[in-house]
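Undergrad: Sequence and computational prediction follow.
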Amino acid sequence: MSEKTQHKNILLAISAFTIVVIVVAVIGFVCFGNNDDNVIQGEVEVSEYRVSSKLPGRIAEICVTEGDFVHKGDTLAILDVPEVEAQKRAAEATQDAAKAVSDMADNGARKEQIQAAYQLWQQAVAASDIAEKTYKRLQNLYNEGVISAQKRDEAFAAYKATQAQVLAAKSQYDMAKSGARNEERKAASDQANAAKNATDVVKSLLRETVQIATADGEVSEIFPKVGELVGLVSAKTCKGVKFLDPREKAKEMSEFLKKKKKCDLVILISHLGWGDTKYEDPSIIANSRYIDLVLGGHSHSYFQTLKYAKNLDGKDIPVDQNGKNAAFIGKMTLTVEK
């Protein structure tokens, strides 16, 4: 190959390489050079589920905060349900008693119990002997005309009663000595099993007081607060319903009505109570400056005169409640000053 040909091939190779670099550069500029106009977009599907209790109870502890990542099985919240605790203690006591009866039926009475039953039988026999002798002596006196028939009959009735007591005591002794019959043992066993099942049911309910995560995920929202009652309504029947802080919503709506809708008067009709909960009427007023009057309920309070609570500006806002069941109906006259 001549020197001229070699030189020509080198130039062709350089030119081809240069063209490739330029093409790559153009492609890179088109695809990535303008970040504002070329944004890669997409969607990520996620599953959301709510954790709710089968039992109505009061939140004792919340173990997570919004934004936390939890794993399946992690504890989210703990409820305080004293009624179920009481049921558990009662069920356990019933189970212990039923088991004791069942064990005695299976194993027979202890030696001490057999001995006690024997002694009761012997005491009944001795009492019957005395009653028999008494009756025979009075019968002789009656035959001699010393006592009345009534005295003789009373002695006879007492003697017959002691005979019945002997038979009952003998039966108890025989049962203690020989053990319970098959039917009695089966009945005692069934009672013990029923009591155990009742205890198991209560224990399963108690497990519901600890709310755990059923899947890995991030805690997006926490609606209840510590001390609040939850589980009074099934989550299935109120899907999509969220609990919103009434203090913040009252503040938001009263400001909207006064500023946006130019209302002269904002009256809050409340069912939060007076001095009853953390969301009581005074707390609503204290968080707002645009509520002019509160007509309240829930606590069944009866105000003979208006009560007042200070708002954010320190202004006294009147509150009225009229008991319950429409027992008191009043009339209020308001004067709006502009």
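TA: Received, thanks. Numbering: from 1, shown residues only.

Undergrad: Show me where the stretch 151-300 of the chain has its helices.
TA: Taking DSSP state H, counting those that start in this stretch, the helices of the stretch 151-300 of the chain run over residues 182-207, 246-255, 281-286.

Undergrad: which of those sits most buried?
TA: Mean neighbours per residue, mean count of other C-beta atoms under 10 Å, is largest over these for helix 281-286, with a mean of 22. Every residue, glycine included, has its C-beta placed from N, CA and C.

Undergrad: quick one: average confidence on it?
TA: Mean pLDDT, helix 281-286: 93.

Undergrad: and the helices of the stretch 151-300 of the chain as JSON lines, adding distance to Ile130?
TA: Putting the helices of the stretch 151-300 of the chain into JSON lines (distance: least, C-beta to C-beta, whole Å) gives the following:
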{"stretch": "helix 182-207", "distance to Ile130": "34"}
{"stretch": "helix 246-255", "distance to Ile130": "81"}
{"stretch": "helix 281-286", "distance to Ile130": "80"}
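
Undergrad: can you tell me which of those helices the model trusts least?
TA: helix 182-207 (a mean of 69).

Undergrad: The stretch 51-200 of the chain: strands as residue ranges?
TA: Taking DSSP state E, counting those that start in this stretch as the criterion, the stretch 51-200 of the chain contains strands spanning 57-62, 69-70, 75-80.

Undergrad: Any chance of the ones you listed in a markdown table with distance to Pro224 and mean neighbour count as columns?
TA: Output for these, formatted as a markdown table (distance: least, C-beta to C-beta, whole Å; neighbours: other C-beta atoms under 10 Å):
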| stretch | distance to Pro224 | mean neighbour count |
| --- | --- | --- |
| strand 57-62 | 5 | 16 |
| strand 69-70 | 17 | 14 |
| strand 75-80 | 8 | 17 |
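
Undergrad: Which among those strands is found nearest to Ile222?
TA: strand 57-62 (6.5 Å; C-beta to C-beta).

Undergrad: what's in contact with the closest one?
TA: Contact with strand 57-62 is made by 76-81, 209, 222, 224-231, as judged by C-beta atoms under 8 Å, 6 or more residues apart in numbering.
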